[in-house]
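*Asks:* mind looking at a prediction? Sequence and model below.
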Amino acid sequence: MKKFYYECTHVCKQSGARAGLLHTPHGTVETPMFMPVGTLATVKFLSPEEVKAAGAGVILANTYHLWLRPGEDVVALAGGVQQFMNYQGPMLTDSGGFQVFSLADRRKIQEEGVTFKSHLDGSKLFMSPEISIQVQNKLGADIIMSFDECIPYPATYEYAKQSMERTLRWARRGLDAHQRKEDQALFGIVQGGEYQDLRERCAKELAAMDFPGYSIGGTSVGEDKATMQKMIEDSVRFLPFEKPRYLMGVGAVNDMLEAIERGIDMMDCVLPTRIARHGTCMTSQGRINIKKKEYETDFSSLDPLCDCECCRHYTRAYLRHLHRCNEGLASRLLSIHNIRFLTRLAEDARRAIRQDRFLDFKKEVLSRSGFDERGF
RNA sequence: GGAGAGGUAGCGAAGUGGCUAAACGCGGUUGACUGUAACUCAAUUCCUUCGGGUUCGGCAGUUCGAAUCUGCCCCUCUCCA
């Protein structure tokens, strides 16, 4: 069994951004990278082959959702999540900590763990740091997450502090419960809301626990761009250089570039796939909503600078038609395109870092795409 | 030829005297979406110079007031000859 470790290969002299390699039991991937989200062990509408062809190195799945359906034992029986979904590359599972945020109106937090009211049948479910790790041990992804609380923004200092301290205790408990340390890398998650001293304390205490990697959580929950960037800075500064850094839930173009500049190695986001299903595409010229009437007879490709399956073979007019007719092919092609757009952004970023010109690169991308507050 | 049912906004369809420029659905247009309860959600959809104007097959009535009541006309569908 190959060991998990991160290897920094270059630090950009212009920006401090770093490029590297992430070695996992299911293969080595280059960083910084973008990871598409496949919550239910599927990136919606895409086969694993298509996700891979779009340039993705790692696919995410979700502990809470797979725990409910089909259940971790079914996945374990299949031989693990990769076997189950026929994907040979590296995978990562989120712990269920995000559901503490996204399903806030149907859960109760206590020291021991979180009681959820199932979104499927209303039944009462209990998730603890230990259960989350046990489930993730059975799911078998290469990278797994500590069970945390992703807090909303804004949150009071007092709440952010209490929650962060509890997340630290949960991280310790998760580490102690982890049964597959040899082949599954458990990441600790930095919380602390927007508060500098809380981020610092959390990052330092997690670093002392010596995780194989660290995540930054609690971002992209409604805060403004400058606040997000500060949250990242306040966290990254105290993380060990030799370990990978994963910024959770970020996938808008400018957010990704700002994060990479601050030393982030990995990012994931539902944004490219969700907005693709809703008809929005990320392009080198900025954001395009394929539903718009102006594309009715536009027989050009979605993004002339893109090399994805969608852009190589199909026109805007056809994609608009497919989307208006609610054809699944529209969701599939646009998802392929948006994922490819972000994996290519990461590729280009890596090259710019190696050439010590990341700041120039960032500027080029943002001016070309007519970047605005939304980040496209 | 006879009997019955019906004609409401782009389409389907409520409404049977004032609270109705007219529910609701579809279609159309425009937005939103950041560790996925999301092929979802929101806004808008007669015209307007934003004061108002013109609507519920057509025309003529009743009434303070009509998509709603009356008369005639036009059209559609079903059944029987």
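*Replies:* Yes, it's here.

*Asks:* as a quick check, tell me the outermost residue of chain A.
*Replies:* A:Thr297 (35.7 Å; Cα atoms, centre = their mean).

*Asks:* A:Ala317 is in contact with that one, correct?
*Replies:* Yes: contact criterion Cβ atoms under 8 Å: A:Thr297 and A:Ala317 qualify, at 5.6 Å. All C-beta atoms are positioned from the backbone trio N, CA, C, and that covers glycine.

*Asks:* where's the residue farthest from the centre of chain A, which helix or strand?
*Replies:* Assigned by DSSP states H and E, A:Thr297 falls within no helix or strand.

*Asks:* could you measure from it over to RNA strand B?
*Replies:* 12 Å (Cβ to the nearest atom of the strand, to the nearest Å).

*Asks:* what sits against that residue?
*Replies:* Going by Cβ atoms under 8 Å, 6 or more residues apart in numbering, A:Thr297 touches A:Ala317.

*Asks:* before we move on, what about A:Leu46?
*Replies:* Contacts of A:Leu46 by Cβ under 8 Å, 6+ apart are A:Ala54, A:Thr273, A:Arg332, A:Ser335, A:Ile336, A:Ile339.

*Asks:* who wins on neighbours among those?
*Replies:* With neighbours defined as other Cβ atoms under 10 Å, the most crowded of the contacts of A:Leu46 is A:Ile339; it has 28 neighbours.

*Asks:* and the nearest residue to that residue once chain neighbours are set aside, what is it in contact with?
*Replies:* Closest residue in space to A:Ile339, ignoring its immediate chain neighbours: A:Ala54 at 4.2 Å, by Cβ to Cβ, 6 or more residues apart in numbering. Counting by Cβ under 8 Å, 6+ apart, A:Ala54 touches A:Pro36, A:Leu46, A:Cys308, A:Ile336, A:Ile339, A:Arg340, A:Thr343.

*Asks:* what bits of chain A have low per-residue confidence?
*Replies:* Regions of chain A meeting the criterion pLDDT under 70 cover residues A:1-2, A:371-375.

*Asks:* mark which of the contacts of A:Ala54 are part of helices, please.
*Replies:* Here DSSP state H is the test, and these give A:Ile336, A:Ile339, A:Arg340, A:Thr343 as lying in helices.

*Asks:* can I get the residues you listed in CSV with distance to RNA strand B?
*Replies:* Converted to CSV, the ones in helices among the contacts of A:Ala54 look like this (distance: Cβ to the nearest atom of the strand, whole Å):
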residue, distance to RNA strand B
A:Ile336, 13
A:Ile339, 10
A:Arg340, 15
A:Thr343, 15
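
*Asks:* identify, from those residues, the entry nearest to A:Phe126.
*Replies:* A:Ile339 (34.6 Å; Cβ to Cβ).

*Asks:* that closest one contacts A:Val51, doesn't it?
*Replies:* Yes: A:Ile339 is within contact range of A:Val51, at 6.7 Å (criterion: Cβ under 8 Å).

*Asks:* quick check: neighbours shared by those two?
*Replies:* Joint contacts of A:Ile339 and A:Val51 (Cβ under 8 Å, 6+ apart) are A:Pro36, A:Val43.

*Asks:* show the backbone phi and psi for the residue nearest the centre of chain A.
*Replies:* Geometric centre of chain A, nearest residue: A:Asp268, 1.6 Å, by Cα atoms, centre = their mean. Backbone torsions of A:Asp268, given as degrees, to the nearest 10, read phi -140, psi 160.

*Asks:* now for the nearest residue to it once chain neighbours are set aside: which residues touch it?
*Replies:* Spatial nearest neighbour of A:Asp268, chain neighbours left out: A:Met35 (4.1 Å); criterion: Cβ to Cβ, 6+ apart. The contact partners of A:Met35, taken as Cβ under 8 Å, 6+ apart, are A:Ala56, A:Gly57, A:Val58, A:Ile59, A:Leu60, A:Leu92, A:Met266, A:Met267, A:Asp268.

*Asks:* please apply the same query to A:Arg237.
*Replies:* Applying Cβ under 8 Å, 6+ apart, the residues near A:Arg237 are A:Glu200, A:Ala203.

*Asks:* can we see that at 10 Å?
*Replies:* A:Gln196, A:Arg199, A:Glu200, A:Ala203, A:Lys204, A:Arg262, A:Gly263 (Cβ atoms under 10 Å, 6 or more residues apart in numbering).
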